[in-house]
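Engineer: Build me a model from this:
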Amino acid sequence: MAIFGSSSARGALVLQPIAGVRGGDLVYDLAAGLTLAAIAVPEQMATARLGGFTPQVGFLAFAAAAVGFAVFGASRRLSAGGDSTITPIFAASLALLAAAGSPQYAALAAALALMVGAMVMAAGYLKLGWVANFLSKPVTTGFLAGVAVHIAVSQAPGVLGLPEESGDVFHRIIAMSAAVAHASLLSVVLGLGVLGAMVAAEAISARIPGALLALAAATAATALLGLDRHGVATLGAVPLGALRIALPSLRLDALPSLGGLAFIITLVILMQTAATARAFPDGEADPNVDQDYIGLGAGSILAGLVGAYPVNASPPRTAIVASAGGRSGLSSLIAAAVVMGLAAFGGGLLGHVPVAALGGVLLFIASKIFRVGEFADVLKRSPAEFGLAALTTGLIIVLPIQSGVAVGVFVSLIHGVFTITRARPILFERVAGTTVWWPATPSGRGVAAEALESVVVVGFQAPLSFLNAYDFHRGVLAEMAAAKARARLIVLEASSIVEIDFTAAGLLCDVIARAHAQGMDFAVARLESLRAADAFKRFGVLDRLGADRLFTTVDEAVRTLAPQAQP
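Structural biologist: Predicted coordinates for the structure are as follows:
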């Protein structure tokens, strides 16, 4: 029996993650929710500290994200909350506008959450899921590596028991190096101990809450042994306070400074949410990424209204829900209830959590998002794209994070444009004894091929646009000039031309006109793309070519227009 409506309710705009939940699912959701809470408690505390907030604010962000996504999202497994990918980005930027921990800083973060939430929701309503493709895999790998370096450098003083430093990465490293002689051995043991315990737990089973167990052990040791009296810094008790929903108290003239930052954060959220939803689909159903954007945007808006900060989809936590057998969004709601219970009644206990232990948790997170294996794979398969990944990492480290992300997006787009512009016209040859025409290769592939003496077949394996149209124009004219003495028919094999723009259409018409002027016939074969075929009509290419010069295969064009052609 369904508890939250029938499964057909999943077509609605709300409550999709929990629609159709049955009594038998509750056991699985309860187990997954408790497992998720065990992971989320230390992670959200650490992420909050990374952003300059108290643990309770991190818990509020997690709960707000869970509720907002459960109401408006689509995925039944996705876990949303504070995220170590976006937190360093906005924390570094907000620190330039207000002192971390100040009321102004908190108000800026809440306002940013509202702006980001509105942008992410708008992306969902406008069906902008394709925006997530703006970052290529190598650029994404480099981006995460750069963020990991920022996390590690920002948390190293806490693990060493040193005062926190401000400034860029290099300033922090220099200051930390000068003060390392004054490091606290107890803090180092606690921080590295938590890090080592998390690594060991993951090696045994991903379902073991290594972070929670290690953090609990470090907290217990600090409280029982009085380590805070021996140089070990602790969080200190901070009460949750009265929960209230309100707009952040902020002057309107402060909002424009957040616009660019909100856009960068939104772009990263779109990318990460799409990747998470696609990696953990609901059975065989296609992910509804646009609806997930709406849910995540709602979660971020709710987080801003309760005084927290922007939230994001979490691949590791979503993997935990999936591996623990979670059947619906109830898993995240159960985890949120547990986390808020701890925030409300465990404030005194949280006060004994050592800062070094949270630093160990964040160092583990940094090690996970610095994907050495992906760097090695890119280097092995595409050295040029490895250089792109390394460049992005360097930009994120050297520049302010938000500037590095913006430049990384630009570099990714330039790389995509460059890939398209590399396309050149290629010659096709007929596979001997068949009617199949195949791209000619100098080295051959062990397949006997033959050319026809009066026929030139060229192909273009990319969308035909202003980015590559002039190279296409020059290349085809060069092939026509080389075959001028013998060619009577030019065939364009167009199976890979999925789009044609205005500039390219004009140059294609010029190629056809020049072929006719030189006494050559011109035909197009395998124009399979509906968009390209429509462009042929709209831009006048079909009128210039002639409808009777459009063929379904190259062989049909040759048999019709050059029946006497011989190998």
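Engineer: Spell out the residue ranges of the strands in this protein.
Structural biologist: Using DSSP state E, the strands of the chain run over residues 80-81, 312-313, 426-431, 437-439, 449-450, 455-459, 489-493, 521-525, 550-551.
Engineer: which stretch in those is the model least sure about?
Structural biologist: Among those, strand 449-450 carries the lowest mean pLDDT, at a mean of 77.
Engineer: who does it pair up with?
Structural biologist: strand 426-431 (antiparallel) (DSSP bridges).
Engineer: Let's see the partner strand as CSV, backbone CA atoms only.
Structural biologist: In CSV, the C-alpha atoms belonging to strand 426-431 read as follows (Å, rounded to 0.1, in the frame of the first residue of the first chain):
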residue,chain,number,x,y,z
ILE,A,426,38.4,14.1,-46.2
LEU,A,427,38.3,11.9,-49.3
PHE,A,428,36.1,8.7,-49.5
GLU,A,429,36.9,5.6,-51.5
ARG,A,430,34.7,2.7,-52.5
VAL,A,431,35.4,-0.6,-50.7
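Engineer: Need the contact partners of that strand.
Structural biologist: 436-440, 447-452, 456-461, 479, 491, 493, 554-555, 567 (Cβ atoms under 8 Å, 6 or more residues apart in numbering). Just so you know, the C-beta spots here come from the backbone N, C-alpha and C atoms, and that holds for glycine as well.
Engineer: sorry, back to before: pick the most deeply packed of the strands of the chain.
Structural biologist: strand 80-81 (a mean of 32; mean count of other Cβ atoms under 10 Å).
Engineer: partners of it in the sheet?
Structural biologist: Here, using DSSP bridges, strand 80-81 pairs with strand 312-313 (antiparallel).
Engineer: who touches the partner strand?
Structural biologist: Residues from elsewhere that reach strand 312-313 (Cβ under 8 Å, 6+ apart): 78-83, 85-86, 268-269, 272-273, 276-277, 292, 296.
Engineer: tell me the two of those that are most distant?
Structural biologist: Using Cβ to Cβ, the two most remote members of the contacts of strand 312-313 are 82 and 277, lying 18.6 Å apart.
Engineer: List buried residues within the contacts of strand 312-313.
Structural biologist: Among the contacts of strand 312-313, those classed as buried by 16 or more other Cβ atoms under 10 Å are 78-83, 85-86, 268-269, 272-273, 276-277, 292, 296.
Engineer: Go through those and flag which are in helices.
Structural biologist: Under the assignment DSSP state H, the buried ones among the contacts of strand 312-313 contribute 268-269, 272-273, 276-277, 292, 296 to helices.
Engineer: where in the stretch 1-150 of the chain is pLDDT low?
Structural biologist: Confidence mapping of the stretch 1-150 of the chain against pLDDT under 70 gives the ranges 1-13, 20-21, 24, 132-135.
Engineer: can you pull out the helices in it?
Structural biologist: 23-51, 55-72, 87-94, 103-125, 137-160 (DSSP state H, counting those that start in this stretch).
Engineer: winner for burial among these?
Structural biologist: Each of those was scored by mean neighbour count; the highest is helix 55-72, a mean of 28, by mean count of other Cβ under 10 Å.
Engineer: quick check, distance from that helix to the centre of its chain.
Structural biologist: The chain centroid and the centroid of helix 55-72 are separated by 21 Å under Cα atoms, centre = their mean, to the nearest Å.
Engineer: Can you get me a residue count around residue 226?
Structural biologist: By other Cβ atoms under 10 Å, the residues close to residue 226 number 10.
Engineer: now swap in residue 374 and tell me
Structural biologist: Other residues within reach of residue 374, judged by other Cβ under 10 Å, total 18.
Engineer: so it touches residue 143, yeah?
Structural biologist: No. Residue 374 lies out of contact with residue 143 (Cβ atoms under 8 Å); the separation is 11.6 Å.
Engineer: roughly how far apart are the residue lying closest to residue 452 once chain neighbours are set aside and residue 453?
Structural biologist: Distance criterion Cβ to Cβ, 6 or more residues apart in numbering; nearest residue to residue 452, sequence neighbours excluded, is residue 565 at 4.0 Å. Residue 565 sits 7 Å away from residue 453 when distances are taken as Cβ to Cβ, to the nearest Å.
Engineer: now do residue 534
Structural biologist: Distance from residue 534 to residue 453, by Cβ to Cβ: 35 Å.
Engineer: again, but for residue 295
Structural biologist: 63 Å.
Engineer: Contacts for stretch 247-267 next, please.
Structural biologist: Under Cβ under 8 Å, 6+ apart, the answer for stretch 247-267 is 86, 89-90, 93, 97, 103-104, 106-108, 110-112, 114-116, 119-120, 123, 131, 134-135, 304-305, 307, 310, 402, 405-406, 409.
Engineer: try 6 Å
Structural biologist: Residues outside stretch 247-267 that contact it (Cβ atoms under 6 Å, 6 or more residues apart in numbering): 86, 90, 93, 107, 110-112, 115-116, 119-120, 310, 402, 405-406.
Engineer: Repeat that for stretch 98-113.
Structural biologist: With Cβ under 6 Å, 6+ apart as the criterion, stretch 98-113 contacts 52, 90, 94, 97, 248-250, 258, 262, 300, 303-304, 307, 309-310.
Engineer: Residue 499: neighbour count?
Structural biologist: 14.
Engineer: so how far is residue 85 from the residue nearest the centre of the chain?
Structural biologist: Per Cα atoms, centre = their mean, the C-alpha nearest to the average position across the chain is that of residue 271, at 2.9 Å. Residue 271 sits 9 Å away from residue 85, going by Cβ to Cβ.
Engineer: do residue 430 as well
Structural biologist: Counting by Cβ to Cβ, the gap from residue 430 to residue 85 is 52 Å.
Engineer: what does residue 483 give?
Structural biologist: Shown here: residue 483 relative to residue 85, a distance of 55 Å by Cβ to Cβ.
Engineer: and if you look at residue 364?
Structural biologist: Note on residue 364: its distance to residue 85, by Cβ to Cβ, is 15 Å.
Engineer: what does residue 141 give?
Structural biologist: 13 Å.
Engineer: same check, this time on residue 278
Structural biologist: The gap separating residue 278 from residue 85 is 17 Å, by Cβ to Cβ.
Engineer: and what of residue 196?
Structural biologist: From residue 196 across to residue 85, the span is 24 Å (Cβ to Cβ).
Engineer: Same check on residue 518?
Structural biologist: 58 Å.
Engineer: OK, contacts around the closest residue to residue 367 other than its chain neighbours?
Structural biologist: By the measure of Cβ to Cβ, 6+ apart, the closest residue to residue 367 outside its immediate chain neighbours is residue 148, 7.3 Å from it. The contact partners of residue 148, by Cβ under 6 Å, 6+ apart, come to 366, 369-370.
Engineer: in stretch 361-373, what counts as buried?
Structural biologist: By neighbour count on 16+ other Cβ under 10 Å, the buried set for stretch 361-373 is 361-367, 369-371.
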